[in-house]
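K.L.:
Sequence below, structure please.
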Amino acid sequence: MPQGIRLDNLTYSVDGRTIIQEVDLFVAKGVNRTILGASGVGKTTILKLMLGLIKPDSGKVSIDGRRIGALSDGELIKVRRRIAIVFQGGALFDSMTVGENVGYRLLEAGRPEGEVERVVREKLSFVGLEDTINRYPAQLSGGMKKRAAIARALASDPEYILFDEPTTGLDPIGVYNVCNVIRLLQAEGKTILMVTHDLETAFNVSDRFSFIHKARMIFEGTREEMLAFDHPAIREFLHPTDESLFARQ
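P.N.:
This is a model prediction of the structure:
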C-alpha cells in the first residue's frame, strides 16, 4: 500500500450542518499538495480530522495504512509525533522566548537541555531566525512569527507537515519567506499539505491541488488540469467577476 495520508468517504457534521461530505483524498508521501476553496468551506476541519482531533461521522482516516480511528490513545500519540501542524495564527506562547517556544515540546519529552538547544538553533537557522532565539513573539513581525511556528513544528522532525492558511495576513516579504521555507521542506522530502484560499501561494509551492465546494471535494489534479476544469465554482474562484460581489459560497 502506498505511504501517505488517506481519507476514505469521510463525512463530518456539527449540529446537523454537514461540514465535510463523502470526501476522498490521498496525500502521497513526498508530495506537496494544497486544498483550495473559499473561506469557511471546511478546509481546516480536514486537518483536524487527519490529526484525530475530531472524529468523523463516517468514513476513515489512515496514515501509512494504519486507520487512526482504530488506534489506542498511546498509539495515536505515537502517530501524531510524525505529523506537525502550523496553525493560521502561529499559536506561539507570548510568555516564552522564541527559543523556548521551539524547544518546549522536546523538554517536555525529557530530552537533554543541550540537545534541545542544538535542535532549536538548527531549526531557527533553517527558517532564517537564528538571531531571534532570545526574543519574545511580541517583538517579531507577522511573517517572523509564522516562521518561528514552522521552526517549532520542525523540532520533532515530522514526516508530514500540515499548514493552515500559512500566508494569511502577511506582507509580500513575509509571504515570500514562508513560501521559500515550504519549498526547502519539499526539497528535503517532507510531505506537505496546505489549506488556503490564496491562489498565488498555492501555485507558488504545490505540485497537486484539490478543491472543496459545498462540503464536497469536486476536483483533484495539477494546476494545468484545474485551470482547464469546467466547473462554475472553480471558474469563479480562479477568475472572480463583478457578479462575485457578495455572492454566497
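
K.L.:
Show me where the chain has its strands.
P.N.:
4-14, 17-28, 32-36, 58-63, 66-67, 83-86, 160-164, 191-196, 208-213, 216-221 (DSSP state E).

K.L.:
Now those strands in JSON lines, please, with extra columns for distance to residue 43 and mean neighbour count.
P.N.:
Just so you know, the C-beta spots here come from the backbone N, C-alpha and C atoms, and that holds for glycine as well. Below are the strands of the chain laid out as JSON lines (distance: least, CB to CB, whole Å; neighbours: other CB atoms under 10 Å):
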{"stretch": "strand 4-14", "distance to residue 43": "12", "mean neighbour count": "18"}
{"stretch": "strand 17-28", "distance to residue 43": "10", "mean neighbour count": "17"}
{"stretch": "strand 32-36", "distance to residue 43": "5", "mean neighbour count": "24"}
{"stretch": "strand 58-63", "distance to residue 43": "15", "mean neighbour count": "18"}
{"stretch": "strand 66-67", "distance to residue 43": "22", "mean neighbour count": "12"}
{"stretch": "strand 83-86", "distance to residue 43": "13", "mean neighbour count": "22"}
{"stretch": "strand 160-164", "distance to residue 43": "8", "mean neighbour count": "23"}
{"stretch": "strand 191-196", "distance to residue 43": "4", "mean neighbour count": "24"}
{"stretch": "strand 208-213", "distance to residue 43": "6", "mean neighbour count": "22"}
{"stretch": "strand 216-221", "distance to residue 43": "11", "mean neighbour count": "16"}
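
K.L.:
Export those strands as CSV, with columns for mean pLDDT.
P.N.:
Shown next, in CSV, are those (pLDDT from 0 to 100):
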stretch, mean pLDDT
strand 4-14, 94
strand 17-28, 94
strand 32-36, 95
strand 58-63, 93
strand 66-67, 88
strand 83-86, 90
strand 160-164, 94
strand 191-196, 94
strand 208-213, 95
strand 216-221, 95
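
K.L.:
which stretch among those comes nearest residue 136?
P.N.:
strand 83-86 (19.2 Å; CB to CB).
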